[in-house]
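S.K.: Sharing a sequence plus its predicted fold:
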Amino acid sequence: MIATFKPCTLRGAVDAPPSKSMAHRYLIGAALSGQTCTLTGVDYSEDILASMDCLRALGARITAEGDTVTVDPTGFMAVDAPILACRESGSTLRFFIPLALCLDKTVTLQGSQRLLERPLEVYEELCRERGFTFTKSQGSVILRGKLESGHYRVRGDISSQFITGLMLALVYLGGDSTIEILPPFESRSYIDLTISALRSFGAEVAFTDPYTVAVKSSRLRAFSGRVEGDYSNAAFLDAFNYLGGEVAVGNLNPHSLQGDRVYADYFEKIAAGTPTLDISDCPDLGPILFALAALKNGATFTGTDRLKAKESDRGAAMQGELTKLGGGLIFGENEITVPKQTLRNRGEVLDGHNDHRIVMALSVILTQTGGTVRGAEAVRKSYPGFFGDITKLGAEVELS
């Protein structure tokens, strides 16, 4: 899909879409609870559909009507040789690998080539240490092992998804366990989200010190609730307010544990000057922060190495597309600088790099410069209603 923009100013009110991070956790928590649960406010992005499909493949019964999903765990984890289709969802793949290792049966997890190129070393090492099967190919990971409750050590300077995945499996196993997180510990806010979600189902999970998570044997219960709004995607909508627009973004919990809430503070700093900002705890904000800095007075961002292992190499992707607009980025060691620059439409078609956050960041820029981005369908991964929402706000965009 190609999105072609004319310069425009956006005004109006819009609700942030439901949090993909919380929806993943609630859906899996519902299956772990052993009781039927109903969740509302679910947005059927490609990533959430992947997790729903994987739960079904593991035996859970899932029905969806409107924005409401009912999870009946009858039959969950009572399957032989399941095949889990993770599509392009890193969260799904990393959350379900430890659960697959609880079965002591052969499990195949499938995904796109790019997904399987993303780091899985934490789980490879875990399997190697315990003598489990872990066979990775271009399009799948084949596993077999019998994970047990106990003590685990996990690096904290890689994706928090590994820690969350292990927590989910340890809750399922039902015994007392601990996870020791080796510093430096990045993206702690995502672990806080996991703990909050699991506690909703009665799990006794908590930090006992800044680097240790305890998972206690506990009796799980049904939970039915609403998925809160997503700060990661709200950032793309709120960015228009720093470009002359007037957009009121609703459906956001002011007390949310989402680490990407920090975007509002970072936007203010970018608007006020040329700040240095650490994004090691909020790497998903990278593309929109680069976009806004490029349209304002520039900024320097530290903690950028993890951007290389996302749906695209996000630093390189933004560099390539900004260059087409007459700008660019400067790369340092775990650091990216956005210099002061003047962006303009030079007639070159931009590329979304099959990355939802790159497409949305470029779309924000193109509302100022005009121009075209191809691969716009990537927004379906996390925010399928993105173009519809910005059109309601006055975006002059044609999809073809």
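M.R.: Received, thanks.
S.K.: in the helix or strand of the chain with the lowest mean pLDDT, what counts as buried?
M.R.: Using mean pLDDT, DSSP states H and E, helix 113-117 stands out as the lowest-scoring helix or strand of the chain, at a mean of 93. Buried residues in helix 113-117, counting neighbours by 16 or more other CB atoms under 10 Å, are found at 115, 116. To be clear about C-beta, it is placed using only N, CA and C from the backbone, and glycine gets the same treatment.
S.K.: if you average pLDDT over whichever helix or strand comes after it, what comes out?
M.R.: Once the chain leaves helix 113-117, the next helix or strand it forms, by DSSP states H and E, is helix 121-130. For helix 121-130, mean pLDDT is 95.
S.K.: Tell me which residues are up against helix 121-130.
M.R.: 94, 97-98, 101, 132-134, 136, 143, 145, 147, 152, 154-155, 158, 162, 165 (CB atoms under 8 Å, 6 or more residues apart in numbering).
S.K.: Quick one: distance of that helix to the chain centre.
M.R.: Distance of helix 121-130 from the chain centroid (CA atoms, centre = their mean, to the nearest Å) equals 23 Å.
S.K.: returning to what we had before: give me the contact list for the least confident helix or strand of the chain.
M.R.: 86-90, 93, 136-141, 311-312, 354.
S.K.: Can you dump the C-alpha atoms of that helix in PDB for me?
M.R.: Only the C-alpha atoms of helix 113-117 are listed here, as PDB (Å, rounded to 0.1, in the frame of the first residue of the first chain):
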ATOM      1  CA  GLN A 113      12.500 -14.400   8.000                       C
ATOM      2  CA  ARG A 114      13.100 -11.000   9.700                       C
ATOM      3  CA  LEU A 115      11.500 -12.200  12.900                       C
ATOM      4  CA  LEU A 116      13.700 -15.300  13.100                       C
ATOM      5  CA  GLU A 117      16.800 -13.000  12.500                       C
END
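S.K.: begin at 6 from here
M.R.: Sure, I'll start counting at 6 from here, so that last one is helix 118-122.
S.K.: quick one, phi psi at residue 350?
M.R.: phi -80, psi 110 (degrees, to the nearest 10).
S.K.: Report the contact partners of it.
M.R.: 330, 371, 374, 375, 376.
S.K.: Filter the residues you listed down to the ones in strands?
M.R.: If you go by DSSP state E, those have residue 376 in strands.
S.K.: of the contacts of residue 350, closest to residue 383?
M.R.: Nearest to residue 383 out of the contacts of residue 350 is residue 371 (CB to CB; 14.8 Å).
S.K.: what about the nearest residue to the closest one once chain neighbours are set aside, distance to residue 101?
M.R.: Spatial nearest neighbour of residue 371, excluding adjacent residues (CB to CB, 6 or more residues apart in numbering): residue 10 at 3.9 Å. Counting by CB to CB, to the nearest Å, the gap from residue 10 to residue 101 is 37 Å.
S.K.: higher neighbour count, the two?
M.R.: Taking neighbours as other CB atoms under 10 Å, residue 10 and residue 101 compare with residue 101 leading, 28 against 23.
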